[in-house]
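**Q** can't give you the sequence, but here's the structure:
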């Protein structure tokens, strides 16, 4: 069975198409605010139910925020198939590559603080143990232009990942295990090539610069509180720490394989807790887990309320790199545009371990939409997200 992390199954592409059912027949007298809110809730509830059914009724959380305020939330399906466990507001999901956006924001904050420089070779921070460190920069890592080959395809790491003959989901991974599979970058800085490897290296740089994994964890947790995604022990909505106490809150990720059918990625390989490849250090390419609300609060704070980065830094983050633009993509620094009808959203997708995620903010209107789902391979999050985005757009100005 191929290594699942080696594939980006939910590439965030521009979602095109005309809006259907545009809201054009406004009443002569505007309805009371409570009536409008009720109508919008009903429309979104219907959109969630119908789009979830279209992709096989996975476990789903979805939320919409506007400038920090909750507009709507909905849950659907099962967090765990056996024993049947419904998704609730408290259920945790793996964010997968959506977490790249969160990690990039923290990295750019460190650039603003003068602790890192975008265009200084990373050897200034970690020496020469990583191939190409004398040439590769933070900017290259953030924009997927460093040119590192896929580390998950290496003979050193592939056997240790799901489907590999040495995979042990209860055994923690280390940076040293990943480093054995690194290869020299190819044409660094020349082309945009989406790379999980680059974000693994970025996390190593951040860890060394912070003084170790625990200090990095503490620093990122402190930064995330600025987004409103508070991480109290009894109700975390955004986390990079795998804790056994969270296991009962976690949805299980499900994935369908030609030779195996649909399997539970938490239990099929003999795991007894949260699989150690699911999120957390050293997995900088998929560092975070949480609820839909936790992810939405973060990107709302970043893109709508603009509380996390300085204006010039934020503009640089969302501007497509020259290499991305040359490839007709809109990828900047761990974020890209999503177009639905006449609205443009800024965000990121993710897919790994049976989970898939899509979150984005309409920066013009201050609206953030986040969807997390626990079945990978059906494009569940993207399908549901697009339907909710169109429904919201058709009912609002």
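**A** The structure has been received and is ready for your questions. Quantities reported herein were computed from a predicted structural model and do not represent experimental measurements.
**Q** going forward, measure contacts between C-alpha atoms and count neighbours the same way
**A** Will do.
**Q** next, residue 107: phi, psi?
**A** The phi and psi values for residue 107, taken as degrees, to the nearest 10, are phi -60, psi -40.
**Q** residue 56 now?
**A** phi 90, psi 20.
**Q** per-residue pLDDT, it?
**A** The per-residue pLDDT reported for residue 56 equals 95.
**Q** what of the one 3 residues further on?
**A** In this model, residue 59 is scored at 98, pLDDT.
**Q** what sits against the closest residue in space to it that isn't next to it in sequence?
**A** Distance criterion Cα to Cα, 6 or more residues apart in numbering; nearest residue to residue 59, sequence neighbours excluded, is residue 77 at 4.1 Å. Under the criterion of Cα atoms under 8 Å, 6 or more residues apart in numbering, the neighbours of residue 77 are 57-60, 86-87.
**Q** one more time with 6 Å
**A** With contacts taken as Cα atoms under 6 Å, 6 or more residues apart in numbering, residue 77 has the following neighbours: 57-59.
**Q** make TSV out of those residues and add secondary structure, distance to residue 341 and neighbour count.
**A** Shown next, in TSV, are the contacts of residue 77 (DSSP: H, G, I helix; E, B strand; the rest coil; distance: Cα to Cα, whole Å; neighbours: other Cα atoms under 10 Å):
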residue	secondary structure	distance to residue 341	neighbour count
57	coil	25	19
58	coil	26	27
59	coil	27	29
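**Q** helices of the stretch 1-150 of the chain, start to end?
**A** 33-54, 99-112, 123-126, 138-142 (DSSP state H, counting those that start in this stretch).
**Q** can you give the contact residues for the longest one?
**A** Counting by Cα under 6 Å, 6+ apart, the neighbours of helix 33-54 from elsewhere in the structure are residue 384.
**Q** now it: buried residues?
**A** Of all the residues in helix 33-54, those buried under the rule 16 or more other Cα atoms under 10 Å are 40-41, 43-45, 47-49, 51-52.
**Q** where in this structure is the helix or strand with the lowest mean pLDDT?
**A** Per-element confidence for the chain was summarised using mean pLDDT, DSSP states H and E. The lowest value among helices and strands belongs to helix 33-54, with a mean of 90.
**Q** centre of the chain to that one, how far?
**A** With Cα atoms, centre = their mean, to the nearest Å as the basis, the distance from the averaged C-alpha position of helix 33-54 to the chain average is 25 Å.
**Q** likewise stretch 372-386?
**A** In terms of Cα atoms, centre = their mean, the centre of stretch 372-386 is set 12 Å apart from its chain centre.
**Q** and the end-to-end length of that stretch?
**A** Chord length of stretch 372-386, first to last residue, is 13 Å (Cα to Cα, to the nearest Å).
**Q** likewise for stretch 269-276?
**A** End-to-end distance for stretch 269-276: 12 Å, by Cα to Cα.
**Q** what's in contact with it?
**A** By Cα under 6 Å, 6+ apart, the surrounding residues in contact with stretch 269-276 are 169-170, 172.
**Q** turn those residues into a markdown table, columns for distance to residue 319 and neighbour count.
**A** Conversion of those to a markdown table gives the following (distance: Cα to Cα, whole Å; neighbours: other Cα atoms under 10 Å):
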| residue | distance to residue 319 | neighbour count |
| --- | --- | --- |
| 169 | 38 | 24 |
| 170 | 40 | 16 |
| 172 | 36 | 11 |
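**Q** closest one of those to residue 257?
**A** Within those, distances to residue 257 taken as Cα to Cα reach their minimum at residue 169, with 18.4 Å.
**Q** skip the chain neighbours and tell me the closest residue to that closest one.
**A** residue 275 (4.7 Å).
**Q** tell me the phi and psi of the one you found?
**A** Backbone torsions for residue 275, taken as degrees, to the nearest 10, come to phi -50, psi 140.
**Q** kindly report the same for residue 255.
**A** In terms of degrees, to the nearest 10, the main-chain angles of residue 255 are phi -140, psi 140.
**Q** so it makes contact with residue 376?
**A** Yes. At 5.1 Å, residue 255 and residue 376 qualify as touching, with contact defined as Cα atoms under 6 Å.
**Q** quick check: neighbours shared by those two?
**A** Residues touching both residue 255 and residue 376 by Cα under 6 Å, 6+ apart: residue 354.
**Q** appreciated, that's everything.
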